[in-house]
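**Q** My questions concern the predicted model and sequence given below.
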Amino acid sequence: MTDDEFIAQLSQHERLLHSISVTFARGDAEVEKDIYQEILYNLWRTRDRFNGQCSVKNWLYRVGLNTAISLWRQEKKRVKTTPITPLMECTVADEPSAPLYDELYRLIDLLPKDDQALVYLYVDGATEEEMADVLGISQTNVGVRIHRVKQKLVKLKS
């Protein structure tokens, strides 16, 4: 893939890559930018390895998703401490919370990594065919796994 072809493909599928960044950033604009930049870096670094066995869109999605999951794992391992000042307490108290959103991601974090990838693809609106291509499984298996993951999430919530 030439540099011009690569840049054209990035431009064409920019929205897809941003959606991965947004999903894993969970509302933090700076984290979203970092994830997007890392995805672009990994795509650029591995562009010569694209061999055309799948569509360019699936390759971009697969590299983007794997990059985001890797960054998420690294971030999860880090222990964060931030002193809370009185000004921060007021700011945090005034912000609306999204308990269902937080609960969903907490439950997703409890799933095995392959199930997490499936859920993120599902939430992102990927078709069963696209999910099968990205994950390397059959479309029938995608439907079955989505059903089972939904059951797991209901059990985890209880």
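**A** It's in.

**Q** just the strands in the chain please.
**A** In the chain, no segments count as strands under DSSP state E.

**Q** for the residue nearest to residue 33 when sequence neighbours are not counted, what are its contacts?
**A** Distance criterion C-beta to C-beta, 6 or more residues apart in numbering; nearest residue to residue 33, sequence neighbours excluded, is residue 21 at 7.7 Å. Glycine gets a C-beta too; all of them are placed from N, C-alpha and C. By C-beta atoms under 8 Å, 6 or more residues apart in numbering, the contact list for residue 21 reads 32-33, 35-36, 39, 64, 68.

**Q** let's see 6 Å
**A** Shown in contact with residue 21 (C-beta atoms under 6 Å, 6 or more residues apart in numbering): 32, 35-36.

**Q** Over to residue 142?
**A** By C-beta under 6 Å, 6+ apart, the neighbours of residue 142 are 128, 131-132.

**Q** what comes up buried for stretch 122-138?
**A** For stretch 122-138, burial by neighbour count (16 or more other C-beta atoms under 10 Å) applies to 122, 124, 126, 128, 130-135.
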